[in-house]
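**Q** sequence and predicted model, in that order:
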Amino acid sequence: MRGDTCEIPIKSRANRAAAGLKVSRGYTVDVEIKGGCLCRAVRYRCSQPPLNMGVCQCDRCQRQSGSAFLMATVFDAHAVSVEGELKVYEARNDQGAALRRHFCPTCGSAVMITLDRYPEIRSIMGGTLDDKSLLRPSYSLWTSAGQPWLTLPGEIELHAEYPDGAVG
Ligand SMILES: [Zn+2]
Ligand SMILES: [Zn+2]
């Protein structure tokens, strides 16, 4: 992905395997996963465990998160319901496919990413989960754009950019 979007979510285990990414495992979530923005005007519920979790260190995700990386928790779209108003910042890649960053217009919290390429998933920002003990990222994208002082634990798969084969 060389355009002005990055694509954290990878829609299926098959795609992830094709991209050489680990599939998140070890989750036993038998209750709803809930979360929301800082001011609580936006709340969401996820009825299934996440498909995968990762971080993105691309410049765009650093800017939106205001931090060294953005943490994405990827869910099946059918499992996610949102209450409250989200505003959207949309960017398109060279092929015209949109990546939409949904945020709370009141407090500015980044809440969710949706993508034209993967309409079947919702990428929820990890820091908005009520129970952040669920967060176990298994991969990082765009380490080539990362902060030089950031070293991630060894079990997290590192990808210099977006792995070949996972997009398109
Ligand atoms: Zn808010
Ligand atoms: Zn990114």
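**A** The structure has been received and is ready for your questions. Keep in mind that this is a model prediction, so the values were computed, not measured. Ligands and ions are numbered 1, 2, ... in the order given.

**Q** what's the distance between the spatially most central residue of the chain and Arg60?
**A** Nearest residue to the geometric centre of the chain (C-alpha atoms, centre = their mean): Ala72, 2.4 Å. Relative to Arg60, Ala72 is positioned 13 Å away (criterion: C-beta to C-beta, to the nearest Å). Using the backbone N, CA and C atoms, a C-beta is placed for each residue, glycine as well.

**Q** which positions in the chain make contact with ligand 1?
**A** For the chain, the residues in contact with ligand 1 under the definition C-beta under 5 Å from the ion are 37, 39, 41, 104, 106-107.

**Q** and if we set it to 8 Å?
**A** Remark: the part of the chain in contact with ligand 1 comprises 36-42, 84, 104-109, using C-beta under 8 Å from the ion.

**Q** ranking those residues by neighbours, who comes first?
**A** Of all those, the most densely surrounded is Val42 (25 neighbours; neighbours counted as other C-beta atoms under 10 Å).

**Q** how about that residue: what's its closest non-neighbour residue?
**A** Ranked by C-beta to C-beta, 6 or more residues apart in numbering and with sequence neighbours excluded, the top spatial neighbour of Val42 is Gly84, at 3.6 Å.

**Q** which members of the residues of the chain next to ligand 1 occur in strands, if any?
**A** Among these, the members falling in strands are Gly36 (criterion: DSSP state E).

**Q** which one of the residues of the chain next to ligand 1 is nearest to ligand 2?
**A** Here the nearest of the residues of the chain next to ligand 1 to ligand 2, counting by C-beta to the ion, is Ser109; it sits at 16.9 Å.

**Q** give the contact list for the closest one.
**A** Contacts were defined as C-beta atoms under 8 Å, 6 or more residues apart in numbering; by that measure Ser109 touches 37-39, 42, 103, 125, 128.

**Q** roughly how far does Ser38 sit from Tyr118?
**A** Check again: residue 38 is Leu, not Ser. Separation of Leu38 from Tyr118 (C-beta to C-beta): 27 Å.

**Q** could you do Met112 as well?
**A** Distance, Met112 to Tyr118, by C-beta to C-beta: 13 Å.

**Q** rewinding a little: next up, phi/psi of the residue nearest to the centre of the chain, please.
**A** Geometry field for Ala72 lists phi and psi as phi -110, psi 130, criterion degrees, to the nearest 10.

**Q** low pLDDT regions in this structure?
**A** Along the chain, the parts satisfying pLDDT under 70 run over 1-30, 164-168.
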